[in-house]
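Peer 1: Kindly generate the corresponding structure for this input.
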Amino acid sequence: MKRHIAQYLPRHFFDIPAVWHAFLLGMVYSLLLLTQLFTFEDFPAVIATWGLRGGLLTAGFLAGIIPLLEAASLPFLISMNVSENILRVSKYAAVAVGVVWSLIALWLVFSMSIAESGLFGATISLPAGVWMLVYGVLLLNGSLIVVTEKRS
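Peer 2: Numbers count the residues shown, from 1 in each chain. Down below sits the predicted model:
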């Protein structure tokens, strides 16, 4: 099975573990991105339940910037053959996704808000809680490990 899959992927994919780790994190980011974009029209309403200052303006901004960062991180994470500048921006976007979700989780936990997590947009309704903080920190930790491990 591995030999069959290996013929479709670049040779360095199995030789360098950092590439594999980045690819797996890219799949996690892709899952988040797809679920957020699937019900994108309802995503600002979910963010508005977090009680952030600025109301719908802040919710609309975050609803646009979060999927944008997740999409921008994919060239670095899935080892696309693009220019060095795009890879650099993509690397910073990969870390920014973890930072943003960690900060959002901190806000929701410490404000003791009973709101949807918004992690999967409006597609999957999950309540916010300490689990979201753990998930955000794991995303941040994973992105930092991948960025330091995979020097491109």
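Peer 1: Report the central residue of this protein.
Peer 2: Compute the mean C-alpha point of the chain, and by CA atoms, centre = their mean the closest residue is Tyr29, 4.1 Å away.
Peer 1: Not counting residues beside it along the chain, what's closest to that one?
Peer 2: Leaving aside its sequence neighbours, Tyr29 sits nearest to Glu70 (CB to CB, 6 or more residues apart in numbering; 4.9 Å). Placement of C-beta: from N, CA and C, glycine included.
Peer 1: what residues are up against that neighbour?
Peer 2: Counting by CB atoms under 8 Å, 6 or more residues apart in numbering, Glu70 makes contact with Tyr29, Ser30, Leu32, Leu33, Gln36, Ala93, Val97.
Peer 1: Where does the residue nearest to the centre of the chain sit, in terms of helix or strand?
Peer 2: Per DSSP states H and E, Tyr29 falls inside helix 17-38.
Peer 1: Tell me which residues of the helix ranked longest in the chain come out buried.
Peer 2: Using DSSP state H, we find that the single longest helix of the chain is helix 84-110. Under the neighbour-count criterion of 16 or more other CB atoms under 10 Å, helix 84-110 has 87, 89-91, 93-98, 100-102, 104-105, 107-109 buried.
Peer 1: Would you mind pulling the contact partners of the helix holding Tyr29?
Peer 2: Identification of contacts with helix 17-38 by CB under 8 Å, 6+ apart yields 12-14, 43, 66-67, 70-71, 73-74, 76-79, 94, 97, 119-121, 123-124, 139, 142-143, 145-146, 149-150.
Peer 1: name the helices or strands packed onto the next helix-or-strand element following it?
Peer 2: Downstream of helix 17-38, the first helix or strand assigned by DSSP H and E is helix 43-48. If you count contacts as 3 or more CB pairs under 8 Å, 6 or more residues apart in numbering; DSSP states H and E, helix 43-48 packs onto helix 55-77.
Peer 1: buried stuff in the helix it packs on?
Peer 2: By 16+ other CB under 10 Å, the buried positions in helix 55-77 come out as 59, 62-63, 66-67, 69-77.
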